[in-house]
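[1] Would you be able to build a 3D model of this:
(3 chains)
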Amino acid sequence: MITLLTDFGLLDGYVGQLKAVIFEINPFVNIVDLTHDIEPYNLTQSAFLLSKTSERFPPDTIHVAVVDPGVGSTRRPLLAVTPKGSFVAPDNGILSAVLSEQSGRSTVFQISNQTYWRHPVSSTFHGRDIFGPVAAHLSLGLDPEKVGEEVSDPICHPVNKPIWADGKLQGEIVHIDRFGNLITNIDRELMNYRSSLSVFIKNEVITDLVANYSQSEGLMALPGSFDTLEIALNHGSAAKHLNAHVGDNVCVFDAF
Amino acid sequence: MITLLTDFGLLDGYVGQLKAVIFEINPFVNIVDLTHDIEPYNLTQSAFLLSKTSERFPPDTIHVAVVDPGVGSTRRPLLAVTPKGSFVAPDNGILSAVLSEQSGRSTVFQISNQTYWRHPVSSTFHGRDIFGPVAAHLSLGLDPEKVGEEVSDPICHPVNKPIWADGKLQGEIVHIDRFGNLITNIDRELMNYRSSLSVFIKNEVITDLVANYSQSEGLMALPGSFDTLEIALNHGSAAKHLNAHVGDNVCVFDAF
Amino acid sequence: MITLLTDFGLLDGYVGQLKAVIFEINPFVNIVDLTHDIEPYNLTQSAFLLSKTSERFPPDTIHVAVVDPGVGSTRRPLLAVTPKGSFVAPDNGILSAVLSEQSGRSTVFQISNQTYWRHPVSSTFHGRDIFGPVAAHLSLGLDPEKVGEEVSDPICHPVNKPIWADGKLQGEIVHIDRFGNLITNIDRELMNYRSSLSVFIKNEVITDLVANYSQSEGLMALPGSFDTLEIALNHGSAAKHLNAHVGDNVCVFDAF
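    Numbers count the residues shown, from 1 in each chain, chains lettered A, B, ... in the order given. Take a look at the predicted model:
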């Protein structure tokens, strides 16, 4: 199985061309779209969604992630082999969350062997000409070591982790989904240590810590599908209700 | 073949995770997206589109419909086996139109046998953990009776049917498509009984009853792709032109 | 492989129905979406994207293009067999760019043999009832001559080509992609004849002629993924920055 995560959108036929080169090399592979609606060039959003979504795929999945403002420059194309899947992507930080989660358990290669590229290689569309073809060959069983030499210094931006201070756990909103649910970077396991919690966000205190969306009438905090603390509003958008944005602080403390 | 109808949107990777679990269980099945753009939580829109769109699929198709505000609560997961296909969905009324069309010809089961679920089961994403896996197993030939016990009381909201009054047939707009065409609940067969009709909508009278979009210069009424009376505007949006919305009345009477 | 290009959008289930009839006839074919976001009825945009995107697919690909304001009227359904693939589409000019590129190397058939249609044929959805089924049968090896008689007069609107005047090459913007990049109709090969160029657009002169998006800080001109001259803005939208639209003039002349 090959997955695709890009900022290509669905209008311009870029995704179709990417799929065409993959199917031309391996007509029998299943291609799954993770998303093509990444905000153009947004590497933070990409790194988060790539890491969280890919976790649920079988470990032999090949993930193609192309959000690539430096396409055509000297930035390296990479292949990261991890226990949670293989990742084909530019060396621009898009793998930060994946590599940070799998630190010490991953091997990263620079994709330099042009045997598995599509030629001629354009200078503006490496998704079609490098990343897609390499992923397709990997899905046919290509040995990762064949794509190029191992590297030890992939770009890996620090991933914001929540911090404890003054008895409070301070995190932030890292994603807002289609329903207006606020996805935080506070791991659901951190919540297990507390019998009752309060969540402080945008001057509101949420004491409804629930298991699913139908257990509260209003704002609620719950362990969400991303396996982190999520703030939601019953039948509404927590994001609109709170005027909340990615990067806003979320604080968890013992309930009074 | 498995189809998917959800309110997940395409940004957040939820659809990709749903497809991953299906392909992991049955890599050879064809997955077709009906739509993922259902308005969040809109069960009326879901019920209509699910019923109308699924009609055109082969009867061995398995339709997965996940618009599920009560996810994680005690609402039952259901499997409905009908002459027009099998439907895997929450028991919240989303199957109303399907079951009403196939009344007396369907068997409904509560999905309770956890053998065919994905574990651990989250409390916020049963599409991935219950509905998807069960559909995948069904596509491999699983006997429907194995998913759980038969039930006789699925939630089935009454589906608005047009009514005759004072020699007029009064219906309503049940869907507006991308082109701004107004889809009504007036069955095309009802129109066959009349030699000439007038359609009254939003203070306009339409007498152009045509067979296709190029037969009128302006507003027209025609039997549409949903097999019901449709109001359209040549090369334009009838919805914008008439400022029409879902729920607005549409009246059909004999032409003068 | 079958590709789809339509103005159906993704909400209404029309694309799903089209895929259903294809998979019912050939469950083993790969279906790739080129785009379903064509502006309703926009044949110019369709003709351009169909021609440019299909170029990158294997020559045995069958492209289904359904932007069809005249559906149900007497406009003919066509099959064009070209060295760059086969095209199933209405005879309304959508094949203009494809046929103009492949002039003298294509054979065009009127799809008249109803054996390969889906019955009953609706008057508003020939994508599902004619174009899809015929494409599916072609993917199974159906001889193109079986679909109907050859025709010599498909509708073929003239495709705007850039012209030389006063030592300048005058072209226009033919597409704006998701990133706000301005795609012109000036072939990249025309640029190869010049050592240094200036590009004049919307009262701005661009002298940064580069190879990829990271080689300029601001507005730049480069050979783009569509194999034509493209105007881009580093990390931004050239379309917004210049308030540019499809049809705007773009002029290329020797740098001073």
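
[2] Residues of the stretch 101-250 of chain A that sit close to chain C?
    Residues of the stretch 101-250 of chain A that fall close to chain C, judged by CB under 8 Å from any CB of the partner chain: A:122-125, A:128. Glycine gets a C-beta too; all of them are placed from N, C-alpha and C.

[3] got TSV for those residues, with distance to residue A:78 too?
    Putting those into TSV (distance: CB to CB, whole Å) gives the following:
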residue	distance to residue A:78
A:122	19
A:123	18
A:124	19
A:125	17
A:128	17
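
[4] quick one: which of the residues you listed is nearest to residue C:232?
    Set against residue C:232, the nearest of these by CB to CB is residue A:124 (8.7 Å).

[5] hang on, the closest one in a helix?
    No. Assessed with DSSP: H, G, I helix; E, B strand; the rest coil, residue A:124 is coil; it does not lie in a helix.

[6] List the contacts of it.
    Residue A:124 sits next to A:71-72, C:212-213, C:222-225, C:230 when contact means CB atoms under 8 Å, 6 or more residues apart in numbering or on different chains.

[7] Now it. Nearest residue, chain neighbours left out?
    Counting by CB to CB, 6 or more residues apart in numbering or on different chains, residue A:124 lies nearest to residue C:225, which is 5.0 Å off, once chain neighbours are set aside.

[8] List just the nearest of the residues of the stretch 101-250 of chain A next to chain C to chain B.
    For those, the minimum distance to chain B (CB to the nearest CB) is 20.3 Å, reached by residue A:128.

[9] on that earlier part again, what is the most widely separated pair among the residues of the stretch 101-250 of chain A next to chain C?
    A:123 and A:128 (11.9 Å).

[10] So these two - more neighbours on which side?
    Taking other CB atoms under 10 Å in any protein chain shown, residue A:123 and residue A:128 do not tie; residue A:128 has more neighbours (24 against 20).

[11] Quick check: phi and psi at that one.
    Here is the backbone geometry of residue A:128 (degrees, to the nearest 10): phi -70, psi -40.

[12] so it sits right up against residue A:120, yeah?
    No. With contact defined as CB atoms under 8 Å, residue A:128 does not reach residue A:120; the gap is 11.3 Å.

[13] residues contacting residue A:216?
    A:208, A:210, A:234.

[14] if I look at it, how far off is residue A:11?
    Per CB to CB, to the nearest Å, residue A:216 is found 38 Å from residue A:11.

[15] What of residue A:119?
    For residue A:119 relative to residue A:11 (CB to CB), the value is 27 Å.

[16] Please apply the same query to residue A:215.
    Distance from residue A:215 to residue A:11, by CB to CB: 40 Å.

[17] next one: residue A:1
    Here the criterion is CB to CB. By it, residue A:1 lies 26 Å from residue A:11.

[18] Look up phi and psi at residue A:176.
    Taking degrees, to the nearest 10 as the convention, residue A:176 sits at phi -120, psi 120.

[19] what residues are up against it?
    The contact partners of residue A:176, taken as CB under 8 Å, 6+ apart, are A:182-183, A:239, A:244-246.

[20] For whichever residue of the stretch 101-250 of chain A sits closest to chain B, report the pLDDT, please.
    With CB to the nearest CB, the shortest gap between the stretch 101-250 of chain A and chain B falls at residue A:212, namely 2.6 Å. For residue A:212, the pLDDT comes out at 89.

[21] Give me the neighbour count for it.
    Burial measure for residue A:212: 21 neighbouring residues, criterion other CB under 10 Å.

[22] One more: the one 10 residues further on?
    Residue crowding around residue A:222 was assessed by other CB under 10 Å; the count is 24.

[23] same question, residue A:58
    Neighbours around residue A:58, by other CB under 10 Å: 13.

[24] quick revisit: how about the residue lying closest to the residue of the stretch 101-250 of chain A closest to chain B once chain neighbours are set aside, phi and psi?
    Spatial nearest neighbour of residue A:212, excluding adjacent residues (CB to CB, 6+ apart): residue B:72 at 2.6 Å. Reported as degrees, to the nearest 10, the phi and psi values for residue B:72 are phi 90, psi -20.

[25] residue contacts, residue B:72?
    By CB under 8 Å, 6+ apart, the contact set of residue B:72 is A:211-215, B:122-124, B:126.

[26] Going along the chain, name the helices of the stretch 151-256 of chain A.
    A:188-192, A:238-242 (DSSP state H, counting those that start in this stretch).
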